[in-house]
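[1] I'll drop the sequence and a predicted model, then ask my questions.
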Amino acid sequence: MQMNRRTFIVSSAAVTGGLALGLRLPFGGPSIARAQDGSPEVGVWVAIGPDDSVNIRVVRSEMGQGTITGLAQLVAEELECDWSKVKIEYPTPGESVKRKRAWGDFSTGGSRGIRESHEYVRKGGAAARVMLVQAAADQWKVPASECTAANSVITHAPSKRRTTYGKVAEAAARLPVPQDVKLKDPKDWKLAGKPVKRLDTRDKVTGKMVYGIDLKMPGLLNAAIKACPVFGGTVKSFDAGAVSSMQGVRKVVQVGDNAVAVVAQTWWQAKTALDKLPIVWDEGDNAKVSSATIAEMLKAGLDADQAFVGNQNGNAKEALAGAAKKVEAVYAYPFQNHACMEPMNITARYTPQKCEIWGPTQNGEAAFAAVLDASGLPADKVDVYKTMLGGGFGRRGGYPNDYVTQAVLIAKQLPGTPIKLLWSREEDMLHGRYHPVMQCKLVGGLDATGNLTGLHMRLSGQSILAAVRPAVVQEQKGRDPLSFQGVFESGEHSFSYTVPNLLIDHAMRNTHVPPGFWRGVNINQNAIFIECFMDELAEAAGQDALEFRRKLLANNPRGLGVLNAAAEKIGWGTPAPQGVYRGLAVLKAFNSYVAGAAEISVSDGNKVKVRRIVGATDPGYAVNPAQIERQVAGSFVYGLSALFFQECTVKDGQIEQTNFHDYNSMRIAQMPKVETVLLPTGGTVWGGIGEPTICVAAPAVLNAFYRATGKRLRSVPLKNHGVELI
Amino acid sequence: MIMAVAALLKEKPKPTDADIDGAITNICRCGTFQQVREAIHAAANGNAKV
């Protein structure tokens, strides 16, 4: 059926994501790019309406982390506009291709959204301000240097004249975009750096916000899908005839080589038919794999001769051999699923003239590429309209776009009809891109006075990049550098401590379970491994856990800063209330220095109550302190849910956990207020917010648990140890 | 979760933290529990402002 953009806009009400820009409208002059509402662009980042409305362009995705508001604050700060008139526009990937990637990278992950965009978006805001001021100055025939701009008002003090951005925007749009603009010192920020309200909250709270899962369009059909539950398996056969006359069913289709979908009037009809559809899978050899076989493989890696080195110093093996006291421990971390509240979904419409998709993605460009691939159409016949994400956490990033490909392949089989593909929770649990499984053997050596003289940290387990970015692994001669996040030799995830004889290496043991970027990526397990072991070492050395670490942090003042802040906030060194025990952790990740401190009590030997929890972060700069606090708090909920409840186990090649009944998540009653300490110490490098703090809650709680019970819990999730969270 | 909160406030116009703990058992993957708690109290006290 014929559907044009106008029909879609009318019928789907408040879809705020990804309306196409740069339409040539008949008024205003032939060479000006304009926003959807006709406002002229003043440089690519800003379009100003005659009513002084400010359209700020953002191409990163919003999944609740608040990045779009932060980016808008940064643009608005330099632009000197009236914040109350700011709206956000989302250039589509198709538009980006036409405009030669004018807005840069769409990918939203790696806690990059603000730290990797800030400079160019600020320059965009500044350039627009310069152009607007110049346009006013030209009109008044005065030097621009005599004009000032504030709150969307331009003033020429000597002649007491003023005008607004809206009045000069058409003229400003015709001026050349200045390439060299000076940015404000963050010390002078008036809007950025402030805890302003988010721009998307109202629509989300009132139910007006349309998520992918909410989409409705005229003529839309719904699709439910099952892919072979054993990764790598394929479809052998299916009996469409068995369900094709069920109520509402329109079509039963194979999707790629490994999945079958039912398309029906409603999703429930599609799902009901799909559940009754006889499918024969060719499961392949991976059907023999189980968590036990995987664990055995990883265990062997702990003592294997070959491993990739991520950090080394001196001669760890020699130092350990000669140590006065040795401490050794083995830790383990499981596969985990992102479990986004909104399951994977994409709505697609295909004709040989155009293929468009709508839905949640953390990377519009990667989704665009997947549509190009699956549709076979050229770039000017394809586009992606992003909706707000009901959680992303890394599942909806550039890899693997499996649900995008599926939606397009189904839509191709029903040309002209919009198809809304929605995964069930079970499908989402079975077809994740999992947090990598990992074991770790740590051996530490102490001298007679309790100094750490040597440390060997051997990781054994799955590499994410070997599956997702093999080119990187090849370029690193087989090593996956991301496996060492938080303990690496250098860079944004470097090891916190100075240890004289150090060896951190990784015996890569890949499985058929597809890995992905689960929030924090590799810091969740690495923080537990190193920070729990640090406590074990401190105890063996007869030293306080904080003092032991402080000595080793002598060359890491920012790490020391956050650790001291967290320790002070929890009251380390002062007596804890009766029955309350404390734990600490520190790490560097995504260029932020983070620390956590927890206070817990344990009843009946196994019922844990988290009474207080502190998160300290030094990200260099803080664009929205309120949002940072929420991200820190949210990361702790995500991380502690993983610690207490979450594992994906493998049986007969399949994931066993299918819903929240066997993959639990924290509730409001279990979560104390997260006390945040924000220490932006400045510098030349900006750190990320979305992920870093996620990793310090778990080791802080585990270290406290030891003090409470005398038991070291060295594997996750804690429910496997009979521990309950109350 | 919003529906659960609406139901709670209908039954208990000024819920305590313990009331909230007992009635609001929804999962939140983004972990905004503290803000939800504050919002419930704000709504109960007529201070709600979006």
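    Done, it's in.

[2] Now for the nearest residue to A:Y663 once chain neighbours are set aside, which secondary structure element holds it?
    The shortest distance from A:Y663 to any non-neighbouring residue, by CB to CB, 6 or more residues apart in numbering or on different chains, is to A:Q657 (4.4 Å). Any C-beta I mention is one placed from the backbone N, CA and C, and that applies to glycine too. For A:Q657, there is no host helix or strand (DSSP states H and E).

[3] give me every residue that touches A:Q657.
    Residues in contact with A:Q657, defined by CB atoms under 8 Å, 6 or more residues apart in numbering or on different chains, are A:337, A:429, A:647-649, A:663.

[4] Of the residues you listed, which belong to helices?
    Cross-referencing those against helices under DSSP state H gives A:M429.

[5] Scan chain A for its longest helix.
    Ranked by residue count and defined by DSSP H, the top helix of chain A is helix A:118-140.

[6] Who are the packing partners of it?
    Secondary-structure packing of helix A:118-140 (3 or more CB pairs under 8 Å, 6 or more residues apart in numbering or on different chains; DSSP states H and E): strand A:46-48, helix A:67-79, strand A:147-150, strand A:153-156, strand A:161-164, helix A:165-173.

[7] can those go into TSV with extra columns for mean neighbour count?
    Shown next, in TSV, are the helices and strands packed on helix A:118-140 (neighbours: other CB atoms under 10 Å in any protein chain shown):
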stretch	mean neighbour count
strand A:46-48	31
helix A:67-79	26
strand A:147-150	16
strand A:153-156	20
strand A:161-164	16
helix A:165-173	22
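
[8] These into CSV, with extra columns for mean pLDDT and distance to chain B?
    Shown next, in CSV, are these (pLDDT from 0 to 100; distance: least, CB to the nearest CB, whole Å):
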stretch, mean pLDDT, distance to chain B
strand A:46-48, 97, 26
helix A:67-79, 98, 13
strand A:147-150, 98, 27
strand A:153-156, 98, 27
strand A:161-164, 98, 28
helix A:165-173, 97, 27
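
[9] Please name whichever of those is nearest to A:Q439.
    helix A:67-79 (34.3 Å; CB to CB).

[10] number of nearby residues for the residue of chain B found nearest chain A?
    Taking CB to the nearest CB, chain A has its nearest neighbour within chain B at B:G31, 2.6 Å off. By other CB atoms under 10 Å in any protein chain shown, 28 other residues sit near B:G31.

[11] Can you tell me the SS state at the closest residue to chain B within the stretch 101-250 of chain A?
    Nearest residue of the stretch 101-250 of chain A to chain B: A:R202, at 5.0 Å (CB to the nearest CB). At A:R202, secondary structure determined by DSSP: H, G, I helix; E, B strand; the rest coil is helix.

[12] Low-confidence ranges, the chain, go.
    Picked chain A for this. Scanning chain A for pLDDT under 70 picks out the ranges A:1-30.

[13] looking at chain B here, not the other one
    Within chain B, the stretches with pLDDT under 70 are B:48-50.

[14] can you pull the contacts of the residue positioned nearest the centre of chain B?
    Among the residues of chain B, B:I40 comes closest to the average C-alpha position under CA atoms, centre = their mean, at 3.5 Å. Applying CB under 8 Å, 6+ apart to B:I40 gives the contacts B:5, B:8-9, B:15, B:20, B:24.

[15] wait, doesn't A:Q265 sit right on A:M246?
    No. Assessed by CB atoms under 8 Å, A:Q265 is found out of contact with A:M246, at 10.8 Å.

[16] Look at the two and report which has more neighbours.
    Comparing A:Q265 with A:M246 by neighbour count (other CB under 10 Å), the higher total belongs to A:M246, at 17 against 14.

[17] Quickly note the distance from that one to A:A264.
    Distance, A:M246 to A:A264, by CB to CB, to the nearest Å: 8 Å.

[18] burial measure for B:N45, as a count.
    By other CB under 10 Å, the residues close to B:N45 number 10.

[19] next one: phi and psi at it?
    The phi and psi torsions at B:N45 (degrees, to the nearest 10) take the values phi -90, psi 10.

[20] Could you show which parts of chain A are in contact with chain B?
    Within reach of chain B by CB under 8 Å from any CB of the partner chain, chain A has these residues: A:64, A:201-202, A:205-207, A:339-341, A:391, A:393, A:630, A:633-638, A:660, A:665-669, A:671, A:673-674.

[21] The longest helix of chain A versus helix A:67-79: what angle between them?
    Interaxial angle, helix A:118-140 versus helix A:67-79 (axes from the mean of the first three to the mean of the last three CA atoms, to 10 degrees): 40 degrees.

[22] By proximity to chain B, which residue of chain A wins?
    Relative to chain B, the nearest point of chain A is A:V637 (2.6 Å; CB to the nearest CB).

[23] In three-state terms, how would that residue be classified?
    helix.

[24] Settle this for me: it is touching A:M666, isn't it.
    Yes. In this structure, A:V637 is within contact of A:M666 by CB under 8 Å, at 5.3 Å.

[25] Are there residues contacting both of the two? Which ones?
    Listed as contacting both A:V637 and A:M666 by CB under 8 Å, 6+ apart are B:31, B:33.

[26] A:V330 should be in a strand, yeah?
    Yes. The assignment for A:V330 (three-state DSSP) places it in a strand.

[27] Next, count neighbours for it.
    16.

[28] before we move on, back to that, so which of the residues of chain A next to chain B belong to strands?
    In this view, these that belong to strands under DSSP state E are A:V674.

[29] Counting neighbours, which of the residues of chain A next to chain B end up buried?
    Among these, the ones that count as buried by 16 or more other CB atoms under 10 Å in any protein chain shown are A:64, A:339-341, A:391, A:393, A:630, A:633-638, A:665-669, A:671, A:674.

[30] The residues you listed in helices, which ones?
    Applying DSSP H to these, the entries found in helices are A:630, A:633-638.

[31] got the contact list for A:P418?
    Counting by CB under 8 Å, 6+ apart, A:P418 has contacts A:3, A:217, A:219-221, A:347-349, A:411.

[32] about what we covered before: phi first, then psi, for the residue nearest to A:Y663.
    Per-residue torsions, A:Q657: phi -80, psi 130 (degrees, to the nearest 10).
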